[in-house]
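> 3D, please:
(2 chains)
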Amino acid sequence: MILTIASRELRSLFLSPLAWSLLAVTQFILAWLFLVQLDGFLQIQPRLAAMEGAPGLTDLVAAPLLDNAAIIVLLLVPLLAMRLISEELRSGTFSLLLSAPVSMTQIVLGKYLGLLGMLAVILMLTAAMPLSLLAGGSLDPGKLAAGLLGLGLVLAAAAAAGLFMSTLSPQPAVAAVGAYGLLLFLWLINLATGAGGEGSALFAWLSMSTHFERLLSGLVRASDLAYYLLFITGFLALAIRRLDSLRTGA
Amino acid sequence: MDPLISIENLYRYYGSRCAVRDLGFELHRGEVLGLLGPNGAGKSTSMNMIAGNLAPSSGRIRLNGLDLLERPREAKAGLGYLPETPPLYRELTVDEYLRYCARLNRIPRGSAAGAVRRAKARCGLETSGGRLTSNLSKGYQQRVGIAQAIIHDPAVVILDEPTVGLDPIQIREIRALIRELGKAHGVILSTHILPEVQALCTRVLILHRGELAYSGVLGGGADEGAASLLIRLARPPEKPLLAGLPGVEAVETLGQGRYRLHLGAGTATATLAQRLVQNGWGLEELTPEQPGLEQIFVRLTAGEQAAP
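Have a look, this model is predicted:
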């Protein structure tokens, strides 16, 4: 049942020009950044070769690419997630799901999986760029895998937050704005740690970027994974609760 | 036989405003129940609650013996619902959409294609399978909406204003479809159109300000039905002669040989018609008028404006 909803969602995403244009724009910008990084690497390569323990292709090309990709997908996911529920609320199709023998949890998980399917395509297209370097160079597979895992988790977390935001309003644009605000805030909240003081450890922990940067540097820690899993389950649970209260609410 | 729907003491509040107050009724297989009421009377709220789209503030809804609130998934499996606007995904074709609805209603993958074909055949959509739902006319969208509601052959079908926005021929077809559905299923139907209720429904409920204001059976024997007769006479007699006919309680003169005869309870239309002919008054027209659903409706809901 979850898969039925997920496949319908994925199909609708790919039937809309929005998804295709977002994919194209993201791919173009990431490819540009990738080429710039690669060019920079090629220019300093002779000097790197002379250095002992110099950073390699993974550090200088793949990691910055994934870092930039994370920012770009933060801009992208709210646009894809905004219509998940709010469009259905607005057009009245949501009652189709409500009067069908499916639970609210199944609806939310189905929608979430559908969006994850789309994001998996983005992740694979992004991964293809650094992997193409294997044709002429060597990569640190562990580091690259950790970075991709990090990007995947950022995507999944942003999708969960976007899904929750789209349950809040029947206006997709409002849902997107809400998701932008939430995600950018959670991305930047660690800037407050610069000032030091009481809450800085908490702010650093709350920030998505702190956890992502550790993964990007090849450090896979259970606490970082737990952060993202908590983030995702938290927002999915909120989305389910919100939809339940739409049905019962005053 | 257990009722398909049984509803007890249903309440629904929006904030402090009570939209539905102490609603209760039963629906049996083979019945078509018409839900009438002025705008804002709580028709859509009631239907949304029965279809599981809205949770009642209190009260009990049982579909096919299953409590909708305690076992929602099992109860909803026997339910088909067409909301006011057909819930169509604009980007899907009719076939894709109906297949999705079939799968959503737990029809196994193997038999989904057959279910889609049957639903399309019943709703006259055989040739529209490959079209996008957004490109269909309003009437066809409505048909797809009905096809969606009956695709899993549910025991209960709930239709919210199914003929709104259709042309007269489509209305006839949809009505025929609803009448056919009423034979094997239990149907609840809401509408503003009184003749539609008289043409389709076996029973009628009138809601007013969220409360059940009237509940009655329609479509009984022709004789018990007629409360008044509309007649036209070529050679009309004096009015007292008409009023003196057995069973006639009052006569209204409408001009140009037309009269309305108000009948007493249990008057047989056939005997009265015979008398009119035997008296040589030249009966040209005779129309039995149904026991004033319209009068009942107006009496219950007029005088005081419905709450907004």
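> Find the residue at the geometric middle of the chain.
Looking at chain A here, since you left the chain open. A:Leu155 (1.4 Å; CA atoms, centre = their mean).
> wait, I meant chain B there
Note: chain B centre (CA atoms, centre = their mean) maps to B:Gly34, 3.3 Å.
> in the chain, which helix has the most residues?
Here I'm looking at chain A. The helix that spans the most residues within chain A, counting by DSSP state H, is helix A:17-50.
> meant chain B, my bad for not saying
helix B:168-184.
> low-scoring pLDDT stretches of chain A, where are they?
Chain A contains residues with pLDDT under 70 at A:193-199, A:249-250.
> Can you confirm whether stretch B:21-34 lies near chain A?
No: in terms of CB under 8 Å from any CB of the partner chain, no part of stretch B:21-34 sits within range of chain A; the closest distance is 15.5 Å. Any C-beta I mention is one placed from the backbone N, CA and C, and that applies to glycine too.
> Convert the C-alpha atoms of that stretch to PDB, please.
Output in PDB follows, covering the C-alpha atoms of stretch B:21-34 (Å, rounded to 0.1, in the frame of the first residue of the first chain):
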ATOM      1  CA  ARG B  21     -26.300  17.900  15.900                       C
ATOM      2  CA  ASP B  22     -27.500  14.500  17.000                       C
ATOM      3  CA  LEU B  23     -27.800  12.900  13.600                       C
ATOM      4  CA  GLY B  24     -28.900   9.300  13.500                       C
ATOM      5  CA  PHE B  25     -30.200   7.100  10.700                       C
ATOM      6  CA  GLU B  26     -29.800   3.700   9.100                       C
ATOM      7  CA  LEU B  27     -29.300   2.600   5.500                       C
ATOM      8  CA  HIS B  28     -30.000  -0.900   4.100                       C
ATOM      9  CA  ARG B  29     -28.900  -2.600   1.000                       C
ATOM     10  CA  GLY B  30     -31.000  -1.700  -2.000                       C
ATOM     11  CA  GLU B  31     -31.800   1.800  -0.600                       C
ATOM     12  CA  VAL B  32     -31.000   5.100  -2.200                       C
ATOM     13  CA  LEU B  33     -31.000   7.700   0.500                       C
ATOM     14  CA  GLY B  34     -31.300  11.400  -0.400                       C
END
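> residues in contact with the residue sitting furthest away from the middle of chain A?
The centre of chain A is farthest from one residue, A:Ala50, which by CA atoms, centre = their mean lies 37.9 Å away. Residues near A:Ala50 by CB atoms under 8 Å, 6 or more residues apart in numbering or on different chains: none.
> re earlier: ok, residues contacting the helix or strand following the longest helix of chain A?
Per DSSP states H and E, the first helix or strand lying C-terminal to helix A:17-50 is helix A:57. For helix A:57, the surrounding residues in contact (CB under 8 Å, 6+ apart) are A:Phe41, A:Leu133, A:Gly137, A:Ser138, A:Leu139.
> can you map out the helices along chain B?
B:43-50, B:72-77, B:94-104, B:109-122, B:138-150, B:168-184, B:194-200, B:222-225, B:239-243, B:269-278, B:293-301.
> all helices for chain A, in order.
For chain A, applying DSSP H gives helices covering A:2-15, A:17-50, A:57, A:63-81, A:83-91, A:94-98, A:104-132, A:141-168, A:172-188, A:200-206, A:208-216, A:222-248.
> Can you work out which other helices and strands pack against the fourth one?
Spelled out, that is helix A:63-81. Judged by 3 or more CB pairs under 8 Å, 6 or more residues apart in numbering or on different chains; DSSP states H and E, helix A:63-81 is in contact with helix A:17-50, helix A:104-132, helix A:141-168, helix A:172-188, helix A:208-216.
> of those helices, which approaches B:Arg12 most closely?
Closest to B:Arg12 of the helices and strands packed on helix A:63-81, according to CB to CB: helix A:104-132, at 19.3 Å.
> still on that earlier bit, list the buried residues of the longest helix of chain A.
Neighbour counts over helix A:17-50 (16 or more other CB atoms under 10 Å in any protein chain shown) mark A:Ala19, A:Leu22, A:Leu23, A:Thr26, A:Leu30, A:Leu33, A:Phe34, A:Gln37, A:Leu38, A:Phe41 as buried.
> so who does the last one touch?
So that's A:Phe41. Contact partners of A:Phe41, counting by CB under 8 Å, 6+ apart, are A:Leu57, A:Leu60, A:Val61.
> and if you look at the third one?
A:Leu23 sits next to A:Val121, A:Ile122, A:Leu125 when contact means CB under 8 Å, 6+ apart.
> Check whether the last one really touches A:Gln27, as I assumed.
Yes: with contact defined as CB atoms under 8 Å, A:Leu125 counts as touching A:Gln27 (5.7 Å).
> Return the residues of chain A in contact with chain B.
Residues of chain A lying close to chain B (CB under 8 Å from any CB) are A:1, A:4-5, A:8, A:11-12, A:15-16, A:91-103, A:247-248, A:250.
> Report the buried members of those.
Buried among those (16+ other CB under 10 Å): A:1, A:4-5, A:8, A:11-12, A:15, A:93-102.
> which residue packs closest to the residue nearest to the centre of chain A, ignoring adjacent ones?
Excluding its sequence neighbours, the residue lying closest to A:Leu155 (CB to CB, 6 or more residues apart in numbering or on different chains) is A:Leu119, at 4.5 Å.
> Number of residues surrounding that neighbour?
As a burial measure, A:Leu119 scores 22 neighbours (other CB atoms under 10 Å in any protein chain shown).
> For B:Glu180, see how far away it is.
Counting by CB to CB, to the nearest Å, the separation of A:Leu119 from B:Glu180 is 46 Å.
> quick one, what contacts B:Glu173?
Contact analysis of B:Glu173 by CB under 8 Å, 6+ apart lists B:Gly124.
> mind checking how far it is from chain A?
For B:Glu173, the distance to chain A equals 23 Å [CB to the nearest CB, to the nearest Å].
> same question, B:Arg118
For B:Arg118, the distance to chain A equals 18 Å [CB to the nearest CB].
> what's the pLDDT at the closest residue to B:Pro154 other than its chain neighbours?
Of all residues not flanking B:Pro154 in the chain, B:Gly80 sits nearest, at 4.0 Å (CB to CB, 6+ apart). For B:Gly80, the pLDDT comes out at 92.
> now stretch A:26-42, how far from the chain's geometric center?
In terms of CA atoms, centre = their mean, to the nearest Å, the centre of stretch A:26-42 is set 20 Å apart from its chain centre.
> Go through stretch A:145-152 and flag the buried ones.
Neighbour-count burial for stretch A:145-152 flags A:Ala146, A:Gly147, A:Leu148, A:Leu149, A:Gly150, A:Leu151, A:Gly152 (criterion: 16+ other CB under 10 Å).
> and if you look at stretch B:259-279?
Residues of stretch B:259-279 classed as buried by neighbour count (16+ other CB under 10 Å): B:Tyr259, B:Leu261, B:His262, B:Leu263, B:Thr267, B:Ala268, B:Thr269, B:Leu272, B:Leu276.
> Enumerate every residue touching the second one.
By CB under 8 Å, 6+ apart, B:Leu261 lies in contact with B:Ser228, B:Leu229, B:Ile231, B:Leu242, B:Leu245, B:Val248, B:Ala250, B:Val251, B:Leu272.
> can I get those in a markdown table with pLDDT and distance to B:Ala176?
Conversion of the contacts of B:Leu261 to a markdown table gives the following (pLDDT from 0 to 100; distance: CB to CB, whole Å):
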| residue | pLDDT | distance to B:Ala176 |
| --- | --- | --- |
| B:Ser228 | 77 | 29 |
| B:Leu229 | 81 | 28 |
| B:Ile231 | 86 | 31 |
| B:Leu242 | 82 | 39 |
| B:Leu245 | 82 | 38 |
| B:Val248 | 83 | 36 |
| B:Ala250 | 82 | 38 |
| B:Val251 | 85 | 38 |
| B:Leu272 | 82 | 32 |
